[in-house]
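S.K.: Next come a sequence and a model predicted from it.
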Amino acid sequence: MARILCIDDEPNLVELKRSILERAGHEVTVATSAHDAFDLIANQTFDAIVTDWRLGDDTGRAVVQSAKSRSNAPVVVVSGYVNEAYLAAEPLADLYLEKPVNPEELVTVVNELVKAYRSNAKS
């Protein structure tokens, strides 16, 4: 089990991702705005972060920056704007997935990134 922060400004989509990740055995905290995500990143520890790129009150880039400045936890961008996200300035997310994301692919990616993160944290 991993602690995952999932961010999307579309409530139905963030709840869908939460459900997918919880069924895979993870503990999921959700945020529906970049502002809420910043507070959570500053005050809690997560094993991975899954974020949309275009958020109503800010961008996924700001979320990636906040996450990368506070920890080495992997960040996955799930967006309909993957090309825009990938071409944005540093820091880069660990992986980019195009919406709509295949649930099995999301779980596999998160599991593998968390496994690598925990392995690196031990060394």
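M.R.: Looks like it came in fine.
S.K.: State the phi and psi torsions of V110.
M.R.: Taking degrees, to the nearest 10, you get phi -60, psi -50 for the backbone angles of V110.
S.K.: which residue is nearest the centroid of the chain?
M.R.: With distances taken as CA atoms, centre = their mean, V50 lies nearest the centre of the chain, 1.4 Å away.
S.K.: what's the spacing between it and Y117?
M.R.: 13 Å (CB to CB, to the nearest Å). Heads up, the C-betas are built off the backbone N, CA and C, glycines and all.
S.K.: contacting residues for A67?
M.R.: A67 makes contacts with 41, 49, 73, 75, as judged by CB atoms under 8 Å, 6 or more residues apart in numbering.
S.K.: Ignore what I typed, I meant D94.
M.R.: The contact partners of D94, by CB under 8 Å, 6+ apart, come to 74-76, 113.
S.K.: before we move on, back to that, Serialize the contacts of A67 to TSV and add fields for neighbour count.
M.R.: Formatted as TSV, the contacts of A67 follow (neighbours: other CB atoms under 10 Å):
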residue	neighbour count
I41	22
I49	30
A73	23
V75	26
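S.K.: Can you pick out the most distant pair from those?
M.R.: Greatest spacing in these, by CB to CB: I41 and V75 (10.1 Å).
S.K.: what sits in contact with each of those two?
M.R.: With contacts defined as CB under 8 Å, 6+ apart, the residues shared by I41 and V75 are 49, 63, 67.
S.K.: Surely T29 is in contact with R3?
M.R.: Yes: in this structure, T29 is within contact of R3 by CB atoms under 8 Å, at 7.2 Å.
S.K.: Next, show the common contact partners of those two.
M.R.: Counting by CB under 8 Å, 6+ apart, the residues touching both T29 and R3 are 44, 46.
S.K.: could you measure the spatially closest residue to D58 that is not a sequence neighbour against I7, distance?
M.R.: Leaving out its chain neighbours, the residue that sits closest to D58 by CB to CB, 6 or more residues apart in numbering is A34, at 3.4 Å. A34 sits 7 Å away from I7, going by CB to CB.
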